[in-house]
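Visitor: heads up, no residue letters with this:
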Ligand code: TGC
Ligand code: FAD
């Protein structure tokens, strides 16, 4: 008897438009033909495939949900579907696209001046200019309000000092969106600055030794009396709300992306357990194995439905409540990590080999569980909303 593919079980296809299916399928082809054959090697070598950036841009994936400025203007569901396909390949590949589009480009499109949008967005959509997003610091992760990076006004310029850490794409980014505290006439406020590579006092040393998201380049941003003009400041109402709005976009994308990683793990063990024989029968004939596969499939289908529901809501209303985004990110990343761990276990010893995708996704998802707001931070966001009490 044939095995039922996940998509036949959920029949999500019937809920998608032709355009959404086309966007998903073109990225599916790209990932399976161009990325997956290299995935293990890139992971082992701690290398992001920069040579693929022109193809990623050609597919309209950079700033995909932004309207105008050379961007594809995809609806939230199409954007989510393509991120899931990218993360079927590797969380590092999805992360590159999330940071470029949902964080760096979104910050410029939502909070930048018209001149900044014209200068950066079309080049970023073409992949000719890569961005990164510097919020986290060595002593300020879950609590970005405690950041130490400072911007001081000096005549017509701003002088930036401080250090950002764990910054995706920083080692090769052409422009960094840097969030810094400004002394605003006695009160402190958080503001965003666009710092171009080559600006004196701007360094981005690469971080090595990660055992997760190895095919994503992560670095620091070191700012030592780094001088930028007023034209490089994002001219919006100062406050933490602006970077957090960017995070809403990226978290929404991650909640779709994680499903892609989970599906890659499921597809692998659905095949493997039908082929691998122990005790003279395929593993798939064992009830404990079937139960594990059923749990994995159920959680993936539920995660798909959750993402689709909130995607359609975002499409209709133009935005989601932050708590809805937290619910999606928290649930979908947690189930993806559980699915990856189950897949690793079902593969037995083979599960620890890079030849199979489970261990790579499992280790990657440990980062995804922590970045864009840890699982616990999203629990507290929802806890605050449901009780009216802040427990941060
Ligand atoms: P709080 O007092 O709650 O809020 C401060 C101001 O911000 C507003 N706000 C939001 N606005 C939009 N969206 C949200 N999600 C918002 N959450 C809060 C809020 O209304 C308020 O506005 P105003 O006008 O009244 O001032 O702030 P808090 O300091 O208590 O912190 C809240 C908390 C803990 C939820 C927040 O700090 C947080 O989310 N922390 C987690 C930090 C985080 O997620 N960092 C991610 C860095 S980027 C990254 O990880 C990239 S990974 C690469 C990849 O994508 O693959
Ligand atoms: P901490 O905040 O120190 O938390 C440590 C532990 O304490 C966690 O379990 C956390 O949930 C828990 N905790 C914290 N506060 C509370 C509380 N109030 N109650 C209960 N538990 C709590 N940042 C960027 O700005 N840009 C990037 O591009 C970027 N890319 C990243 C890429 C990778 C691979 C990784 C791993 C991280 C990246 N980050 C980036 C940083 C990421 O956003 C932070 O790691 C994350 O926000 C958590 O901060 P932290 O690591 O300092 O942990």
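Guide: Alright, I've got the coordinates. Owing to the predicted nature of the structure, the values given are computational and were not obtained by experimental measurement. Ligands and ions are numbered 1, 2, ... in the order given.
Visitor: where's residue 294 relative to residue 300, distance?
Guide: Note on residue 294: its distance to residue 300, by C-beta to C-beta, to the nearest Å, is 11 Å. (Glycine included, C-beta is placed from N, CA and C.)
Visitor: More neighbours: those two, which one.
Guide: More neighbours surround residue 300 than the other of residue 294 and residue 300, with 23 against 10 (other C-beta atoms under 10 Å).
Visitor: I'd like to know how far the closest residue to the more buried one other than its chain neighbours sits from residue 179.
Guide: What sits nearest to residue 300 in space, not counting adjacent residues and going by C-beta to C-beta, 6 or more residues apart in numbering, is residue 262, at 5.1 Å. Distance of residue 262 to residue 179, computed by C-beta to C-beta: 31 Å.
Visitor: same check, this time on residue 373
Guide: Noted for residue 373: a distance of 15 Å to residue 179, by C-beta to C-beta.
Visitor: Ok, residue 24 next?
Guide: From residue 24 to residue 179 the distance is 33 Å (C-beta to C-beta).
Visitor: Of those two, which one has the most company?
Guide: More crowded of residue 24 and residue 179, by other C-beta under 10 Å: residue 179, with 25 against 20.
Visitor: Now that one. Its backbone dihedrals?
Guide: Taking degrees, to the nearest 10, you get phi -100, psi 130 for the backbone angles of residue 179.
Visitor: And residue 355, by the same measure?
Guide: Main-chain torsions, residue 355, degrees, to the nearest 10: phi -60, psi -30.
Visitor: Burial check on the residue nearest to it when sequence neighbours are not counted, number of neighbours?
Guide: Excluding the flanking residues, the one nearest residue 355 by C-beta to C-beta, 6+ apart is residue 40, at 6.6 Å. For residue 40, the neighbour count with other C-beta under 10 Å is 18.
Visitor: can you start the count at 330 instead of 1 from here on
Guide: Got it, first residue is 330 now, which makes that one residue 369.
Visitor: where's residue 369 relative to residue 419, distance?
Guide: Residue 369 is 10 Å from residue 419, by C-beta to C-beta.
Visitor: Give me the common contacts of the two.
Guide: residue 689 (C-beta atoms under 8 Å, 6 or more residues apart in numbering).
Visitor: residues touching the closest residue to ligand 2 within the stretch 330-479 of the chain, list them.
Guide: For the stretch 330-479 of the chain, the residue positioned closest to ligand 2 under C-beta to the nearest ligand atom is residue 470, at a distance of 1.8 Å. Applying C-beta under 8 Å, 6+ apart to residue 470 gives the contacts residue 495.
Visitor: Could you see whether ligand 1 lies near the helix ranked longest in the chain?
Guide: In the chain, taking DSSP state H as the definition, the longest helix is helix 570-604. Yes. Helix 570-604 lies within reach of ligand 1 by C-beta under 6 Å from any ligand atom, at 570, 573-574, 576-577, 579.
Visitor: Make a ChimeraX selection of the buried ones in those residues.
Guide: In ChimeraX, a selection of the buried entries from the residues of helix 570-604 next to ligand 1 looks like this (16 or more other C-beta atoms under 10 Å):
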select :574,576,577,579
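Visitor: from the residues of helix 570-604 next to ligand 1, which is closest to residue 642?
Guide: residue 577 (13.1 Å; C-beta to C-beta).
Visitor: which non-adjacent residue is nearest the closest one?
Guide: Leaving aside its sequence neighbours, residue 577 sits nearest to residue 654 (C-beta to C-beta, 6+ apart; 5.0 Å).
Visitor: Model confidence at that neighbour, what's the number?
Guide: Note for residue 654: predicted pLDDT of 98.
Visitor: So the helix or strand it falls within, near ligand 2 or not?
Guide: In the assignment (DSSP states H and E), residue 654 maps to helix 651-675. No. Applying C-beta under 6 Å from any ligand atom, one finds helix 651-675 separated from ligand 2 by no less than 11.2 Å.
Visitor: Which positions in that helix come out as buried?
Guide: Buried residues in helix 651-675, counted by 16+ other C-beta under 10 Å: 651, 653-673, 675.
Visitor: do the same with stretch 466-483
Guide: The neighbour-count check on stretch 466-483 (16+ other C-beta under 10 Å) flags 466, 469-470, 473, 476, 478-480 as buried.
Visitor: can you give me the strands for the stretch 430-579 of the chain?
Guide: For the stretch 430-579 of the chain, the strands defined by DSSP state E, counting those that start in this stretch cover 460-463, 479-483, 486-497, 504-513, 516-525, 531-532, 547-558.
Visitor: Between those, which one is closest to residue 432.
Guide: strand 460-463 (3.7 Å).
Visitor: mind checking how far that closest one is from the chain centre?
Guide: What separates the centre of strand 460-463 from the centre of its chain is 12 Å, taken as C-alpha atoms, centre = their mean, to the nearest Å.
Visitor: Let me see the ranges of the helices in the stretch 330-479 of the chain.
Guide: Using DSSP state H, counting those that start in this stretch, the helices assigned to the stretch 330-479 of the chain run over residues 335-339, 347-359, 368-374, 382-387, 405-418, 420-427, 435-440, 443-454.
Visitor: which secondary structure elements does the last one contact?
Guide: In this structure, helix 443-454 packs against helix 435-440, with contacts taken as 3 or more C-beta pairs under 8 Å, 6 or more residues apart in numbering; DSSP states H and E.
Visitor: who touches the helix it packs on?
Guide: Against helix 435-440 from outside (C-beta under 8 Å, 6+ apart): 392, 395, 398, 445-446, 449-450, 453, 460, 462, 506, 521, 523, 563-565, 571-572, 574-575, 578-579.
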